[in-house]
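In: Kindly return the folded structure for what I paste below:
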Amino acid sequence: MPARLDHTIIHSTDRFASARFLTDLLGAPGPGALGPFATVPLANGVTVDYADEIVKPDRIVMQHLAFLVSEEEFDQIWERIKARGLPYWADPGHRDPQRINHRHHGRGVYVDDPDGHAIEFLTHSYEAE
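Out: Have a look, this model is predicted:
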């Protein structure tokens, strides 16, 4: 059996603030708590676990999380991004501000979480070409 991703840990300065940022954009219930983590469960059984006690704030290294969502979910997320006045980009390098992309037969958008981690929402997997 191929390996499946179970969880990933994202370092943050405030685990619950970062987890709520993600759940708010996803329109999901608030994060849970498990030991030193604020947990965000995803539809496929994977959890994104935010930790603020494992690493010092000046040692946080930017991560990139990409979430495959339906067209309807994308519309809702994009509306939440705009309603909050968040900066967003069509590209991971932040060269195309306040735009979404239409690559790979779908749509995509990038936002940064409170610690600068890149959060991508896309409607078509790059693998499904």
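In: what ranges do the strands span in this structure?
Out: Remark: strands assigned in the chain by DSSP state E are 7-11, 32-34, 37-41, 47-51, 64-68, 108-112, 118-122.
In: for these, which one sits closest to A83?
Out: strand 108-112 (12.6 Å; CB to CB). In short, each C-beta sits where N, CA and C put it, glycine included.
In: on that earlier part again, let's have the strands of the chain in TSV, adding distance to M1.
Out: As requested, the strands of the chain are exported to TSV (distance: least, CB to CB, whole Å):
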stretch	distance to M1
strand 7-11	18
strand 32-34	25
strand 37-41	22
strand 47-51	20
strand 64-68	22
strand 108-112	30
strand 118-122	27
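In: Let's have the ones you listed in CSV, adding distance to L26 and mean neighbour count.
Out: Listed next are the strands of the chain as CSV, based on distance: least, CB to CB, whole Å; neighbours: other CB atoms under 10 Å:
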stretch, distance to L26, mean neighbour count
strand 7-11, 15, 17
strand 32-34, 14, 12
strand 37-41, 8, 21
strand 47-51, 10, 21
strand 64-68, 7, 15
strand 108-112, 12, 21
strand 118-122, 9, 20
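In: Quick one: closest of these to D58.
Out: So among these, strand 7-11 is nearest, using CB to CB, at 11.1 Å.
In: which residues are in contact with that closest one?
Out: 18, 37, 39, 46-52, 54-55, 59-61, 63, 65, 115, 117 (CB atoms under 8 Å, 6 or more residues apart in numbering).
In: Determine how far that strand lies from the middle of the whole chain.
Out: Counting by CA atoms, centre = their mean, to the nearest Å, strand 7-11 is centred 11 Å from the centre of its parent chain.
In: Neighbouring strands of that strand in the sheet, and parallel or not?
Out: Its sheet considered, strand 7-11 pairs with strand 47-51 (parallel) by DSSP bridges.
In: mind saving the C-alpha coords of the partner strand as CSV?
Out: Extracted in CSV, the C-alpha atoms of strand 47-51 (Å, rounded to 0.1, in the frame of the first residue of the first chain):
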residue,chain,number,x,y,z
THR,A,47,-4.8,17.1,9.8
VAL,A,48,-2.9,20.3,9.7
ASP,A,49,-1.5,20.7,13.2
TYR,A,50,-0.2,24.1,14.3
ALA,A,51,2.4,24.3,17.0
